[in-house]
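Engineer: Sequence first, predicted model second:
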Amino acid sequence: MRYVNFFLNLALVSVAGTAKTQDIPVGANLPALKIRVVVIGSSTAAGAGAEPADSAWVNRYRAWLQGINPANEVLNLALGGYSTYQLLPSTLFPVKYRPAPDSLRNITRALSLRPHAIIINLPSNDVASGYNLEEQLANFDKIAKKARCAGVPVWIFTTQPRNFSADKVMLQLFARHAILDTYGPQAINVWDVLAEPNGLLDVRFNSGDGVHLNNEGHAMIFEQVKSAGIPEFVSRVPERSWLAKLWRIISF
């Protein structure tokens with residue numbers, strides 16, 4: 001444990017002070033743009049810890065988008081307890097001793113709703129379930145590739161601080177690094193705004209169980225998602241050709 005704490009401290013020092021957001025101004029053309037965003041994930045996306053429900057980050061984001069254009073939609077498929085395995089494409093064979101993809105809440109279902117963008121919010125359940133870093137990142141890759149093949153941009157949250165033991169906090173940090181390195185500007189970094197210096201959940205955002213966020217924590221996540229500039233990104237995506245649209249229809 002002494003060595004775990006040593007390497008954890010090194011990792012924490014390397015990320016200290018790196019929390020940044022890019023505040024992209026709303027363009028003049030956005031009110032005319034109608035977009036549909038689908039959210040998949042686990043309890044944080046499902047709104048756990050927020051009271052009332054309007055305080056949850058997904059609902060805050062929906063209200064903000066509809067303030068731009070009332071026709072905008074945010075569809076939420078998240079369910080508490082879910083990991084990357086439940087969100088894998090339905091076409092994949094279930095992995096032995098791992099949860100099967102949930103065809104009602106996974107990436108396949110999200111794509112069937114014809115979204116302009118997909119957000120994936122999976123804070124900590126992979127590590128809590130004992131899944132290693134390699135399989136977690138491989139699952140993210142499969143989910144993201146499925147979306148890319150359909151021509152739908154996807155944003156992936158980093159891991160989220162949770163009051164784990166030191167070895168699991170370190171795994172969460174490694175996952176954070178990997179997600180940011182892999183997905184770049186389409187990674188949403190919530191770790192840096194929610195974590196204490198020791199890698200645990202900041203007490204200001206703890207709903208009381210060391211896992212889920214209170215209203216202030218959900219508000220912090222909302223600001224990170226807002227700053228990701230998803231509607232601005234969607235507004236710059238070229239119109240798909242009729243062949244691409246046909247392929248998207250017959251693929252799901």
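Structural biologist: In hand now; what should we look at? Numbering: from 1, shown residues only.
Engineer: separation between the residue nearest to Leu200 when sequence neighbours are not counted and Glu196?
Structural biologist: The shortest distance from Leu200 to any non-neighbouring residue, by Cβ to Cβ, 6 or more residues apart in numbering, is to Asn163 (5.0 Å). All C-beta atoms are positioned from the backbone trio N, CA, C, and that covers glycine. For Asn163, the distance to Glu196 equals 10 Å [Cβ to Cβ, to the nearest Å].
Engineer: Check Cys149 too.
Structural biologist: Applying Cβ to Cβ, the value for Cys149 to Glu196 is 39 Å.
Engineer: Likewise for Asp126?
Structural biologist: Applying Cβ to Cβ, the value for Asp126 to Glu196 is 21 Å.
Engineer: between those two, who's got more neighbours?
Structural biologist: Neighbour tally, Asp126 and Glu196, criterion other Cβ atoms under 10 Å: the higher count belongs to Asp126, 25 against 15.
Engineer: Export the host helix or strand of that one to CSV, keeping only CA atoms.
Structural biologist: Using DSSP states H and E, Asp126 sits within helix 125-128. What follows is helix 125-128 as a C-alpha-only set of coordinates in CSV (Å, rounded to 0.1, in the frame of the first residue of the first chain):
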residue,chain,number,x,y,z
ASN,A,125,-18.6,1.4,-12.2
ASP,A,126,-16.0,-0.4,-14.3
VAL,A,127,-13.4,0.0,-11.7
ALA,A,128,-15.9,-0.7,-8.9
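Engineer: Give the other helices and strands that that helix contacts.
Structural biologist: Secondary-structure packing of helix 125-128 (3 or more Cβ pairs under 8 Å, 6 or more residues apart in numbering; DSSP states H and E): helix 133-149, helix 166-183.
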